[in-house]
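J.: sequence first, then the predicted structure, then my questions.
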Amino acid sequence: MHRDSRVEEGDMTETSDSTCTVSQLKARIRAFVRERDWEQYHHPKDLAIGLSIEAAEVLEHFRFRSNEEVAARLEDDELKRQLGHELADVLYFALIMCDYLDLDASTMLAEKMAISAARYPVSRARGRNLKYTELGEQE
């Protein structure tokens, strides 16, 4: 990873979305990886594979289930927590890739949201589940 690996004292204690920054999450992941000497395995291809595998594990929670079955399962706190752990794995790989590639995750998200807003203007995309190339002009 290319950024400074020092972790400030308070960085390892914040655990809430409302108090923990993306930078703190990256620092926490960086420290975790360095403690285990895993940097040697973290090349872009390997990180992308890990991200894809973890995303597939999220899908396991929904496979062969109707929307109603999924909704019922999500009422179970333990099953919801398990899904949350899979989502955390996805976030881990997304953030470690951003860190490795020296990409600012917040900037990348803001840029992509702006691109998506241009591709999916509210006037044509609202209530429509179509790819932007299929939206055409609203009647």
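T.: Looks like it arrived, so ask away. Numbers count the residues shown, from 1 in each chain.

J.: mind naming the longest helix for this structure?
T.: For the chain, the helix that runs over the most residues, judged by DSSP state H, is helix 77-100.

J.: and residue 22, how close does it get to residue 124?
T.: Plainly put, residue 22 is 32 Å away from residue 124 if you go by C-beta to C-beta, to the nearest Å. Every residue, glycine included, has its C-beta placed from N, CA and C.

J.: the longest helix of the chain: what's the following helix or strand?
T.: As assigned by DSSP states H and E, the chain's next helix or strand after helix 77-100 is helix 105-119.

J.: tilt between that following helix and helix 77-100?
T.: If you take axes from the mean of the first three to the mean of the last three C-alpha atoms, to 10 degrees, helix 105-119 sits at 100 degrees to helix 77-100.

J.: quick one: contacts of helix 105-119?
T.: If you take C-beta atoms under 8 Å, 6 or more residues apart in numbering as the criterion, helix 105-119 is touched by 22, 26, 94, 95, 98, 132.

J.: one more time with 10 Å, if that's ok
T.: Here helix 105-119 makes contact (C-beta atoms under 10 Å, 6 or more residues apart in numbering) with 21-23, 25-26, 91, 94-95, 97-99, 101, 104, 125, 131-133, 135.

J.: what about the chain, any weak spots by pLDDT?
T.: The model of the chain has pLDDT under 70 over residues 1-14, 137-139.

J.: how does it divide up, domain by domain?
T.: 9-103, 104-139 (automatic domain parsing).

J.: is it possible to get a markdown table of those that adds mean neighbour count?
T.: A markdown table is the format used below for the domains of the chain (neighbours: other C-beta atoms under 10 Å):
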| stretch | mean neighbour count |
| --- | --- |
| domain 9-103 | 13 |
| domain 104-139 | 11 |
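
J.: show me the residue at the heart of the protein, geometrically.
T.: Geometric centre of the chain, nearest residue: residue 91, 3.6 Å, by C-alpha atoms, centre = their mean.

J.: I'd guessed residue 32 sits against residue 99; true?
T.: No - taking C-beta atoms under 10 Å as the definition, residue 32 is not a contact partner of residue 99, at 11.7 Å.

J.: state the helix or strand in which residue 51 lies.
T.: Going by DSSP H and E, residue 51 is in helix 44-59.
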